[in-house]
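Q: fold the following, please.
(4 chains)
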Protein chains: 2
Amino acid sequence: MPKVGMEDIRRKSLISATLKTIQERRSIDIRVSDIARAAGVSSGLAHHYFGSKDRLILAALRHLLTDFRRLVLRRLAEADSPRQKLSALIASSLDETQFSDATVTAWLVFYAHAQSTPEARNLLRVYVRRLQSNLCYNLRPLVGNRAPEIAEMIGSLIDGLYLRQALRVEKADAAFARTLIENCLNRFLDTAPMEGQDHAV
Amino acid sequence: MPKVGMEDIRRKSLISATLKTIQERRSIDIRVSDIARAAGVSSGLAHHYFGSKDRLILAALRHLLTDFRRLVLRRLAEADSPRQKLSALIASSLDETQFSDATVTAWLVFYAHAQSTPEARNLLRVYVRRLQSNLCYNLRPLVGNRAPEIAEMIGSLIDGLYLRQALRVEKADAAFARTLIENCLNRFLDTAPMEGQDHAV
DNA sequence: TTTTTAATTGACTGGTCAATCAATAAAAAA
DNA sequence: TTTTTTATTGATTGACCAGTCAATTAAAAA
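A: A predicted model of the protein is given here:
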């Protein structure tokens, strides 16, 4: 039933069906046929467009990351000062949709998947590094050369809150998580020496 | 070849073979026959003693958790003051062996596995809750009713540092991670009001 | 209209693996 | 010694599933 230009539509719907299936099954151990059914097509078509299950899964990860990046950029654009940009970075990681059960589950599943899949690992590493350098860049005017350490702290806090959110039955509120990080950050800003260092890190 | 009392030996060696296999493959997607080979027995024997792959994997998780708990208790016993106990809790999570590539990988793999396996999830939740209440209990004399918030922060930091360690190629030093958390904690101790609250959390 | 070409299906193949089971071996108990 | 009991194996079964392929449909191009 070929209406030309279906490819793009199918690819997109297969990719979101993949995410949806991973989220519902709470695992990466899913069948291509399930994904295809969720997208309303045959399993053959999934292979036709993506070649293999692995590549389809990578495409889904890439999609998750791109979505997130879009969110970050949008929020960053609305912020003026470094301090506001820091809040924008925190807020985009811990915005209500990102901190939802489905999204958090997907992240965790992909993180684990990346352990045994070099290409997934690289994709995630890029994302981590980008967040890290964003944080660092905006921290520098505020805390000088303690920026890398504090960036690492904030980044770890975000990831840790995700991990714990994934495990919780009664999901925590995204606002709670944001406040927690902001509080922590403020502690370092209030009293932090503008330049000059104390402990090596 | 029955020398009586083999059961205990086999169970133990199958459990550590399971952990080892998960760590080597960096995945929970492993074959019973691989585990058995690593333990030097047939795959039939693994089923004989554990009934199913699932139960063997749960036993491995339980073993990881018990090992960790033993470490925590040992370190706690050596600490006298609440402040020292906090450091003991941090140090046991981020001790050199716990922060090693193999261990960190196993944790991440199990965390993801727990998303789709209720029994694994419960085991991990118990571990998180126990750490949390330990932290909280020892924070209370130092920071009053901000204890829960700060405990959540430290717990999240630990988990986040694990997650990032798992992703890194050049593994970070455990001492670096400990220092980072101690620095953060100190910020809250130095200036924290003994009682009395500011923001709701 | 005829031909080409993109889209799509679902049956099929081949490989993989968890779990079972009947058989065997030898220590321990009688 | 004979019998029982425990330990152990590896071949086998049955289910599952990724990926392939030949066939079909209908839009688009000629």
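Q: now A:Arg69: how far from A:Trp107?
A: Going from A:Arg69 to A:Trp107 by CB to CB, to the nearest Å gives 14 Å. Backbone N, C-alpha and C define where each C-beta goes, glycine included.
Q: what about A:Lys20, distance to A:Arg37?
A: Applying CB to CB, the value for A:Lys20 to A:Arg37 is 11 Å.
Q: neighbour count winner among the two?
A: A:Lys20 (17 against 14; other CB atoms under 10 Å in any protein chain shown).
Q: hang on, isn't that one packed against A:Asp34?
A: No. Using CB atoms under 8 Å, A:Lys20 is not in contact with A:Asp34; the gap is 9.9 Å.
Q: name the helix or strand of chain A that has the lowest mean pLDDT.
A: helix A:174-191 (a mean of 93; mean pLDDT, DSSP states H and E).
Q: that one - contacts with which helices or strands?
A: helix A:82-93, helix A:118-143, helix A:147-167, helix B:147-167, helix B:174-191 (3 or more CB pairs under 8 Å, 6 or more residues apart in numbering or on different chains; DSSP states H and E).
Q: ok, the fourth one near chain A or not?
A: Looking back up the chat, that one is helix B:147-167. Yes. Applying CB under 8 Å from any CB of the partner chain, one finds helix B:147-167 in contact with chain A at B:149, B:152-153, B:155-164, B:166-167.
Q: quick check: mean pLDDT of that helix?
A: For helix B:147-167, mean pLDDT rounds to 98.
Q: now for it, which elements pack on it?
A: helix A:101-115, helix A:118-143, helix A:147-167, helix A:174-191, helix B:82-93, helix B:101-115, helix B:118-143, helix B:174-191.
Q: got the angle between that helix and helix A:147-167?
A: 100 degrees (axes from the mean of the first three to the mean of the last three CA atoms, to 10 degrees).
Q: relative to helix B:118-143, how tilted is helix B:147-167?
A: Going by the same axes, to 10 degrees, helix B:147-167 makes 130 degrees with helix B:118-143.
Q: run the chain-centre distance for helix B:147-167.
A: From the chain centre to the centre of helix B:147-167 is a distance of 12 Å (CA atoms, centre = their mean, to the nearest Å).
Q: now swap in the first one and tell me
A: In terms of CA atoms, centre = their mean, the centre of helix A:82-93 is found 15 Å from the chain centre.
Q: okay, buried residues for it please.
A: Using 16 or more other CB atoms under 10 Å in any protein chain shown as the test for burial, helix A:82-93 gives A:83, A:85-93.
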